[in-house]
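Engineer: got a sequence here, can you model it:
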Amino acid sequence: MHRPLDQPQPPPGPGPSAETIKAWQDRKFGMFIHFGLYSVAGGMWNGKRVDNGYSEQILANGPIPPKDYDALAKQFDPEKFDPDAIVALAKAAGMKFIVITAKHHDGFNLFQTAQTSYNAVDGTPYHRDIVKELAEACARGGLKFGVYYSTIDWHHPGGNKYIEGNSNPITPGQEAFNVAQIKELLSHYGPISEIWFDMGKPTPAQSAHFAQTVHALQPQSMISGRVWNYYGDFAVMGDNAEPDVAMELPWQAPASMFPQTWGYRSWQERKDLPGKIRENITRLVRVVSRGGNYILNIGPEGDGSVVPYEAQVLQGIGAWMKRNGEAIYGTRKQPFAPVDFGYATVSPHALYLFVAKMPPDHQLRVPGLADTAFGPAYRLGAPESTVDVQRNGHDITIALDHLAHWPMVDADGSVDYMPVIALPFKGPLRVRPQMMDAGADGSFHLQATQAEHYLNYNGEGYEAPATLYKLSWQLNAKAADYVLTLHYSRAAAIAKVDVWIDGQRYPLGLSGTGAASPSLRIHRNRAAHPYAMQVEVTPSAPFEQGTALPLTVQSVDLSPTQ
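Structural biologist: Okay, here's the model as predicted:
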């Protein structure tokens with residue numbers, strides 16, 4: 001997989017192709033399933049609620065004597081677990097993939113493994129391989145299949161006990177056990193679209209061992225960032241979190257129905273079904289408009305049945321997706337500054353505007369698109385009623401009142417939630433970005449605080465803080481040539497960085513003190529960036545995932561040359 005040199009490069013060795021990554025990003029919406037022995041407990045122990053922490057971690061949160069928790073295996077007989085019905089539910093919701101907890105932190109396995117009898121086939125009255133049956137159901141139903149795998153294991157002899165943050169070091173014995181299980185999962189269950197590693201504090205060598213084991217068997221399997229140490233193929237946001245910085249690595253936002261738990265909780269209050277449906281439609285749209293994938297969890301009951309409330313939420317999202325899925329699947333992130341009415345996505349031939357909040361004058365204003373050739377706009381689900389796009393300076397506007405069936409009222413009298421306006425375009429989508437203006441003398445003084453920040457990000461970091469690798473500015477530059485001076489502090493003793501101007505690389509050597517501010521003569525390339533001059537500062541290319549910018553940028557000055 002080749003990435004532009006101003007972006008972090010993937011680890012060496014086999015890995016997903018550009019086509020695999022694009023297909024993964026195109027799916028947008030999937031189902032997470034947290035299911036295991038903890039589902040039998042359902043957030044209860046000895047008749048009392050356990051409410052300190054997620055219910056799937058009840059062994060640690062109880063805390064429960066391990067032998068008592070292990071005894072739940074004798075009760076584990078989920079006769080109502082119906083893989084084909086779960087696949088049908090996921091498809092009805094508009095989901096394109098399913099990921100299930102093959103092994104969670106408690107060490108219990110939903111698949112048959114030669115490494116331990118503590119699994120659904122050999123250690124329970126159920127005697128069935130849940131991972132295998134769900135993988136086969138996904139294959140029948142045309143969904144992609146992935147597995148969650150916890151690299152920590154509270155059941156492993158000499159393994160881990162719970163520690164704050166689950167940031168446990170991994171022993172050599174446990175590393176070998178994990179690798180053996182990874183080989184089983186990647187060898188016996190067909191194509192694994194993604195493997196969702198989680199938790200622990202592996203060394204860089206252990207992270208490499210896990211990732212390389214996956215890719216040696218299935219190079220196209222996407223590895224989650226929580227394999228740690230920047231060996232993942234996609235970044236994972238924190239639980240129920242979304243990024244607040246620009247993301248260049250493919251990424252996914254994991255969400256649970258209720259923030260308090262992922263595994264089944266018998267006493268969870270499940271209220272306001274319409275509100276929960278709207279909340280998850282909004283979260284899906286927000287994530288996709290920022291360029292991510294959204295994976296929404298269900299936590300089946302101990303008997304394997306899906307909680308009716310959770311099924312109804314998914315069906316409600318699916319009803320919305322039937323009308324509006326075109327604006328979700330295969331799209332990319334909003335290509336312009338935030339808008340006051342909601343969100344946007346873009347496909348190769350259309351822009352989609354999600355109306356979350358109606359402007360008082362019923363006009364949608366979109367910045368910087370006046371140079372794009374748009375066809376008539378229409379509402380998804382009602383293509384017969386159209387309105388012409390109006391140009392207003394650099395911006396465009398769409399008058400919603402000119403659309404028939406607006407707002408759309410459903411059969412029950414309710415107004416359709418988050419309607420979507422489609423704007424087909426011909427030729428390229430031309431986006432004029434928000435730009436910084438020069439001073440009176442034509443020069444620029446760029447502060448780091450004014451830049452877009454790009455961070456190295458494994459996943460919500462138990463032991464891996466996010467680090468800065470790129471700063472980027474967009475300038476309303478009139479001159480063709482400038483002298484650029486970089487002011488910085490705290491560089492590594494001997495360091496190089498690259499300055500990128502409109503995609504052209506300018507290597508820059510640094511002294512460790514920052515006392516001498518290095519300068520470059522740079523040239524504007526209007527053919528590459530017709531509107532704004534793009535200025536970036538990155539580590540010296542090529543740089544691997546996880547490489548931090550080796551200095552603290554104080555400012556970047558540009559003076560036009562005569």
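
Engineer: show me the contacts for residue 485.
Structural biologist: 517-519, 556-559 (CB atoms under 8 Å, 6 or more residues apart in numbering). From N, CA and C alone the C-beta is placed, and that goes for glycine too.

Engineer: same check, this time on residue 454
Structural biologist: Residue 454 makes contact with 245-248, 468-472 under the criterion CB under 8 Å, 6+ apart.

Engineer: what about 10 Å?
Structural biologist: Taking CB atoms under 10 Å, 6 or more residues apart in numbering as the contact definition, residue 454 lies against 6-8, 245-249, 468-472, 536, 538, 549.

Engineer: same check, this time on residue 36
Structural biologist: Taking CB under 10 Å, 6+ apart as the contact definition, residue 36 lies against 56, 72, 76, 78, 100-110, 120, 130, 263-264, 299-300, 302.

Engineer: the same query, at a cut-off of 6 Å, please.
Structural biologist: The contact partners of residue 36, taken as CB atoms under 6 Å, 6 or more residues apart in numbering, are 101, 104, 108.

Engineer: residue 353 now?
Structural biologist: Under the criterion of CB under 6 Å, 6+ apart, the neighbours of residue 353 are 344, 364, 421.

Engineer: if you set the cut-off to 7 Å instead, what comes out?
Structural biologist: Applying CB atoms under 7 Å, 6 or more residues apart in numbering, one finds that residue 353 lies in contact with 342, 344, 364, 366, 420-421, 423.

Engineer: using a markdown table, please lay out the residues you listed together with secondary structure, pLDDT and distance to residue 171.
Structural biologist: Below are the contacts of residue 353 laid out as a markdown table (DSSP: H, G, I helix; E, B strand; the rest coil; pLDDT from 0 to 100; distance: CB to CB, whole Å):
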| residue | secondary structure | pLDDT | distance to residue 171 |
| --- | --- | --- | --- |
| 342 | strand | 97 | 49 |
| 344 | strand | 98 | 48 |
| 364 | strand | 97 | 57 |
| 366 | strand | 97 | 55 |
| 420 | strand | 97 | 51 |
| 421 | strand | 97 | 56 |
| 423 | strand | 98 | 56 |
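
Engineer: rebuild those residues as TSV, extending it with distance to residue 481 and neighbour count.
Structural biologist: Putting the contacts of residue 353 into TSV (distance: CB to CB, whole Å; neighbours: other CB atoms under 10 Å) gives the following:
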residue	distance to residue 481	neighbour count
342	41	23
344	36	25
364	40	23
366	33	26
420	45	25
421	42	24
423	38	23
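
Engineer: ok, so of these, who is nearest residue 401?
Structural biologist: Comparing the contacts of residue 353 against residue 401 with CB to CB picks out residue 364 as the nearest, at 11.1 Å.

Engineer: partner residues bridging that closest one?
Structural biologist: Bridge pairing for residue 364 (DSSP bridges) gives the partners residue 398.

Engineer: isn't it right up against residue 396?
Structural biologist: No. Counting by CB atoms under 7 Å, residue 364 stays clear of residue 396, with 8.6 Å between them.

Engineer: before we move on, back to that, of the contacts of residue 454, buried ones?
Structural biologist: With neighbours counted using 16 or more other CB atoms under 10 Å, those contain these buried positions: 6-8, 247-249, 468-472, 536, 538, 549.

Engineer: endpoint to endpoint, stretch 299-315 covers what distance?
Structural biologist: 16 Å (CA to CA, to the nearest Å).

Engineer: pull the distance from that stretch to the chain's centre.
Structural biologist: How far stretch 299-315 lies from its chain's middle: 24 Å, per CA atoms, centre = their mean, to the nearest Å.

Engineer: same check on stretch 25-40?
Structural biologist: Centre-to-centre, stretch 25-40 and its host chain are 14 Å apart (CA atoms, centre = their mean).

Engineer: shaky segments in the stretch 151-300 of the chain?
Structural biologist: With pLDDT under 70 as the threshold, the stretch 151-300 of the chain has no low-confidence stretch at all.

Engineer: can you pull out the strands in it?
Structural biologist: Using DSSP state E, counting those that start in this stretch, the strands assigned to the stretch 151-300 of the chain run over residues 194-198, 222-223, 235-236, 251-255, 293-298.

Engineer: can you tell which of those strands is closest to residue 476?
Structural biologist: Proximity of the strands of the stretch 151-300 of the chain to residue 476 was assessed by CB to CB; the nearest stretch is strand 251-255, lying at 30.4 Å.

Engineer: contacting residues around that closest one?
Structural biologist: Outside strand 251-255, the residues within contact range by CB under 7 Å, 6+ apart are 32, 234-237, 239-243, 283, 287, 292-297.

Engineer: extract the C-alpha trace of it and format it as CSV.
Structural biologist: The C-alpha trace of strand 251-255 is given here as CSV (Å, rounded to 0.1, in the frame of the first residue of the first chain):
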residue,chain,number,x,y,z
TRP,A,251,-10.4,5.0,11.2
GLN,A,252,-13.4,3.6,13.0
ALA,A,253,-15.6,4.9,15.9
PRO,A,254,-16.9,2.1,18.2
ALA,A,255,-20.2,2.8,19.8
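
Engineer: show me the beta-bridge partners of the most centrally placed residue in the chain.
Structural biologist: Nearest to the mean C-alpha position of the chain, counting by CA atoms, centre = their mean, stands residue 252 at 1.6 Å. For residue 252, the residues forming beta bridges with it (DSSP bridges) are residue 236, residue 293.

Engineer: I'd like the distance between it and residue 196.
Structural biologist: Remark: distance between residue 252 and residue 196 (CB to CB, to the nearest Å) = 9 Å.

Engineer: same check, this time on residue 236
Structural biologist: From residue 236 over to residue 196 the distance is 8 Å, taken as CB to CB.

Engineer: so these two - more neighbours on which side?
Structural biologist: When neighbours are counted by other CB atoms under 10 Å, residue 196 comes out ahead of the other of residue 236 and residue 196, with 27 against 24.

Engineer: how near is that one to residue 302?
Structural biologist: If you go by CB to CB, the gap between residue 196 and residue 302 works out to 22 Å.

Engineer: next: residue 169.
Structural biologist: Using CB to CB, one obtains 32 Å as the distance from residue 169 to residue 302.

Engineer: okay, these two: which has more neighbours?
Structural biologist: Between residue 169 and residue 302, counting by other CB under 10 Å, residue 302 is the more crowded of the two (22 against 14).

Engineer: name the nearest residue to that one, sequence neighbours excluded.
Structural biologist: Computed as CB to CB, 6 or more residues apart in numbering, the closest residue to residue 302 that is not its neighbour in sequence is residue 40, at 3.7 Å.
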